[in-house]
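> could you work out the structure for the sequence below:
(chains A and B)
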2 protein chains.
Amino acid sequence: MKISDLGEKELIKRLLKRSQKFQSHPLFLNTFLDDKSFKSRSDDAALIDLGENYLVATSDMLMQSSHFPPQMTAHQIGKKVVTVNVSDIAAMGADTIGMIISMGLPSSMPLDYFDQMVEGILEACKDYGMVLIGGDTNESSELTLCGTCIGMVAKENVLMKEGIKPGDVVAVTGELGLAAAGFELLIQELEGSDENSFDEDFEENSEEDFNSNDNNSLDVFKDTALKHALEPHARLEEGVLLGKTGYLTSATDITDGLLSEVGELMDANPGIGMKLHQSRIPMDPELFKLADALGKDPLELALSYGEDFELLLTVKKERFHELKKVVNEAFEGKVILHEIGMADSSGRISMIDKDKKTKILTARGYQHLTDSS
Amino acid sequence: MKISDLGEKELIKRLLKRSQKFQSHPLFLNTFLDDKSFKSRSDDAALIDLGENYLVATSDMLMQSSHFPPQMTAHQIGKKVVTVNVSDIAAMGADTIGMIISMGLPSSMPLDYFDQMVEGILEACKDYGMVLIGGDTNESSELTLCGTCIGMVAKENVLMKEGIKPGDVVAVTGELGLAAAGFELLIQELEGSDENSFDEDFEENSEEDFNSNDNNSLDVFKDTALKHALEPHARLEEGVLLGKTGYLTSATDITDGLLSEVGELMDANPGIGMKLHQSRIPMDPELFKLADALGKDPLELALSYGEDFELLLTVKKERFHELKKVVNEAFEGKVILHEIGMADSSGRISMIDKDKKTKILTARGYQHLTDSS
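Alright, predicted model coming up:
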C-alpha cells in the first residue's frame, strides 16, 4: 500500500492518531499540555496553554510543482507562503507574532529571484503585522517553502472547529469561487499558449455569449479572479474581530473548498450536519459568465476548489444579525458575512437547490454529489 | 548571479538584513517585539518575549538527497528531523514544548515506510519530553521534512550567542568527529558496494594497521560512529541545566563543525577571538585509527564536519571548575565538559598545535587553514 492510496487528510489523521499513544509520558510539561492542547491538534493550528492566552502555531509547506502556477512571480510566491500560514492563525481568532521560513532552493535560482521572493515574504509579514523571526536555506531540486507562523489569542477569544450546536447559522466571510476561476484561467492560458490558440478561443466564446459591455465587466472580473489566485489574502483582521465578539461556535479557513471544510467541521462535531442553500452561496454574477466561458460549472468552482482563504464559521442563531452588523461596521461595508445555511443534527451535508429540491452532498466535493430527494 | 554563488549562511544573513528594513512598522505587537526579539534572529532559534519567559521557536528543513544517507532507515529519518530542531532549542537553554512536522512525500512511498518514519518522529518527541502538535503532508518528488520546534526558557536562563568576554573558557559537551567518521564510513561503504570491494579494502587496511585486539575495539568504535551519524542525539537536558547555572556567557550547537560554530560565536561578538588547543579537542583515541583506515585527517573530522550535536559554550573562567563539577554530577559522569581554549580579543581563531606552534584558522574550516606562526 502506498501513501497516495490514502491521501493527505487521511495521512494526517493517521499521524495524529498514532501520536495519541505517546500522550501519557511522565516527562510532559503538564503546564502546557492540558486537554485543550490535545484537542487543538486536529484544528487549523496547534494551541499551547500559556495561562491567560493560547500560543498558536502552524506550519505549511508549499512546493513549486503543486502550489505555484508558472505565471506566479517570485514576489507572489513569497507572499503566498506567508498568507497560507496566516490564514490558519486567523481561523483560530488569533493575531500574528512572527514567521519562520525554511527554504529548499534550486542552486540555479538567480539571486534576483531569491531577493524578490524575500521581498514578498517581508511585505506580507508587514501586511499581517508581524516580523520574520528566522529561517534556514537548503539546496533542493524543487523550490520548497515551509512557513511557520506563531500567533497568540486570549483564551476567551479562541475559535476552534469544535462547538457547533444544531440551529447555528453557517456563514462565510466573502464570495467563493474567485480563486478557482483564476486558477482555471491560468491553466487554460498555459494550455492555450501550447497551441497558440487560447486568446482566440476565449475571445470567440466571449463574443458568442456576451455583448461588448459585458465583455468589459468580464475583463475586470477576470483580473479580480487572477489576483485572487495569484495574490490571496488571509482574513486576519476579520478572524481577530470574530473571535473577540464571542458569538462564534466554530470557525475554519476555506483552503480546500467549502464542502471539504464543511466536512472538517462535521468531523470535529460528531452528529452535526449542515443544510446549505445553493442560492445563498455568495458568488459574483460575473462568475457564472466566466465559468461558462471556461467550460466549468460555476457551483463546482465555488464549492470544491478552495484557495479563496475566506473563513467558514458557525454562529448562535440569535447573534447572527448583530454579528453581521459588527463586521459590516468594522470593515466599512467591505467585508460582508453571508449566511449560507444552518447546522442540524443530521450528520450529513444537504443542499437545497434552486428548485427547492434537497440533495445530499459529500465532503469530498460537488463532483460526488448524489441526488436523493 | 546565482544563489549557489553565495551559500547558505550568506543567504540567511541577506534575508535577515532585508528583514530589518521592516522593523519599524506601527502595526507591530510591541509586547512581543522588543530589542531582545530582534537580537535573537541571528541566534539558533527565535525568541519571543512572554514576560517572565521567552518562547523559543526554530525550524529546519531536511531533504533526502542532502541530509539522509541511503543507509538511514525511515525510523532514523523521523528521529533526525526532531533532533536537529531540538538541538537548536537546547542551544538556547530552553526546554521543549511541542513539534510540528510538515512533510513533502513522494507518492510512491510505501505506507509502511511512512508509518516507520512517523514512529521515529513520535519516539524522538517522547525522548525529548514533548508531543507532536501538528503537521501537514504534501506530494513531493523528493522526501522533504520540515520540523518546527517550540520551546520555552525563563529569561534569566536563556543562552545566546552574544555575551562572550575575553578570558572566558571555551568548552564543548562531548567528543567531536564521531558523526563525521560515521558518515565517512557510510560513504565509503556505498562506494565500496559499487565496486563490491569495500569490505575487503577496509579489512586489508585494518589488518595492516592494527592487531586483532585493536580490531575488536575499532569495530566497537565503528558501531559508535555509525550510530552517531545515523541516530544523533540532541543535548537537551544538558542545555537546560547549563542555562540554569547562569555561568555561561554564550552557547550554540555544533551542527556545521566546530570551526564554523566558533566563527558564528565570533560573528555575534565583534572583536572577540578564540585560542584553541589542538591537544584539548576531545577525540576518542580510536578516531585516529578509524580516520587512518578511512584515509582521512582525524583533526579535520573533529573540526570541520559537524553533525555531532554537541554544545559549544563559553563560561566565566572562575566558574568553569564548578560548572564542570555540576555537569559531571548531574549526568553521573556520562557528560563531561571539555575545555578546549579561551576567548580573547584578537578577532580571529588561532590554534596551538602539538608542537606548541600557533596557527591561524578560518571559520570556513580546517581545510583552509593557514600557517602563520
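
> where does the prediction get shaky in chain A?
Within chain A, the stretches with pLDDT under 70 are A:19-42, A:193-214, A:364-373.

> how about the helices in it?
Using DSSP state H, the helices assigned to chain A run over residues A:8-20, A:35-39, A:64-67, A:74-90, A:111-127, A:178-195, A:198-209, A:212-230, A:236-245, A:258-268, A:285-294, A:298-304, A:320-330.

> just say which of these is most tucked in.
Counting by mean count of other Cβ atoms under 10 Å in any protein chain shown, helix A:74-90 has the highest mean neighbour count of these, with a mean of 26. From N, CA and C alone the C-beta is placed, and that goes for glycine too.

> that one near chain B at all?
No: on the criterion Cβ under 8 Å from any Cβ of the partner chain, helix A:74-90 is out of touch with chain B, staying 9.3 Å away.

> helices and strands around that helix, which ones?
strand A:53-63, strand A:95-105, helix A:111-127, strand A:144-154, helix A:236-245, strand A:248-253 (3 or more Cβ pairs under 8 Å, 6 or more residues apart in numbering or on different chains; DSSP states H and E).

> residue of the stretch 251-373 of chain A nearest chain B, please.
Here the stretch 251-373 of chain A gets closest to chain B at one residue, A:Thr255, 10.5 Å apart by Cβ to the nearest Cβ.

> and that residue, how far from A:Leu62?
According to Cβ to Cβ, to the nearest Å, A:Thr255 stands 12 Å off from A:Leu62.

> what is in contact with those two at once?
Residues touching both A:Thr255 and A:Leu62 (Cβ atoms under 8 Å, 6 or more residues apart in numbering or on different chains): A:Val84.

> A:Pro110 and chain B, how far apart?
Look at A:Pro110 and chain B: by Cβ to the nearest Cβ, to the nearest Å, they are 6 Å apart.

> out of everything not next to it in sequence, what's closest to that residue?
Sequence neighbours aside, B:Lys2 is the residue nearest to A:Pro110 in space, at 6.0 Å (criterion: Cβ to Cβ, 6 or more residues apart in numbering or on different chains).

> for the residue of the stretch 251-373 of chain A closest to chain B, what are its contacts?
Listed by Cβ under 8 Å, 6+ apart, the contact set of A:Thr255 reads A:84, A:87, A:261, A:306-307, A:309.

> at 7 Å instead, please
Neighbour list for A:Thr255: A:84, A:87, A:306-307, A:309 [criterion: Cβ atoms under 7 Å, 6 or more residues apart in numbering or on different chains].

> for stretch A:66-81, how far is the first residue from the last?
13 Å (Cα to Cα, to the nearest Å).

> neighbouring contacts of that stretch?
Residues outside stretch A:66-81 that contact it (Cβ under 7 Å, 6+ apart): A:62, A:101, A:113, A:116-121, A:123-124, A:145, A:147, A:183, A:186, A:190, A:230-232, B:138-139.

> and for stretch A:181-197?
A:69-71, A:198-199, A:201, A:222, A:225-226, A:228-230, A:287, A:290-291, A:294, A:296, A:301, A:307.

> switch the cut-off to 10 Å
With contacts defined as Cβ atoms under 10 Å, 6 or more residues apart in numbering or on different chains, stretch A:181-197 is touched by A:69-72, A:177, A:198-202, A:204, A:221-232, A:283-284, A:286-287, A:290-291, A:293-296, A:298, A:301-302, A:305-308.

> and it, how far out from the chain's middle?
24 Å (Cα atoms, centre = their mean, to the nearest Å).

> then stretch A:106-119?
Put simply, stretch A:106-119 sits 27 Å off its chain's centre (Cα atoms, centre = their mean).

> pull the residues that contact it.
If you take Cβ under 10 Å, 6+ apart as the criterion, stretch A:106-119 is touched by A:64, A:73-79, A:81, A:101, A:103, A:105, A:132, A:135, A:137, A:139-145, B:1-6, B:11, B:14-19, B:21-22.

> mind redoing it with 7 Å?
For stretch A:106-119, contacts defined as Cβ under 7 Å, 6+ apart pick out A:73-75, A:77-78, A:105, A:139-143, B:1-4, B:6, B:11, B:15, B:18.

> my read is that A:Asp60 contacts A:Gly147, right?
Yes: using Cβ atoms under 7 Å, A:Asp60 is in contact with A:Gly147, at 5.8 Å.

> more neighbours, these two?
Neighbour count, other Cβ atoms under 10 Å in any protein chain shown: between A:Asp60 and A:Gly147, A:Gly147 has more, with 31 against 27.

> for the more buried one, give its distance to chain B.
A:Gly147 sits 9 Å away from chain B, going by Cβ to the nearest Cβ.

> residues contacting that residue?
Listed by Cβ under 7 Å, 6+ apart, the contact partners of A:Gly147 are A:59-60, A:81-82, A:85, A:99, A:101.
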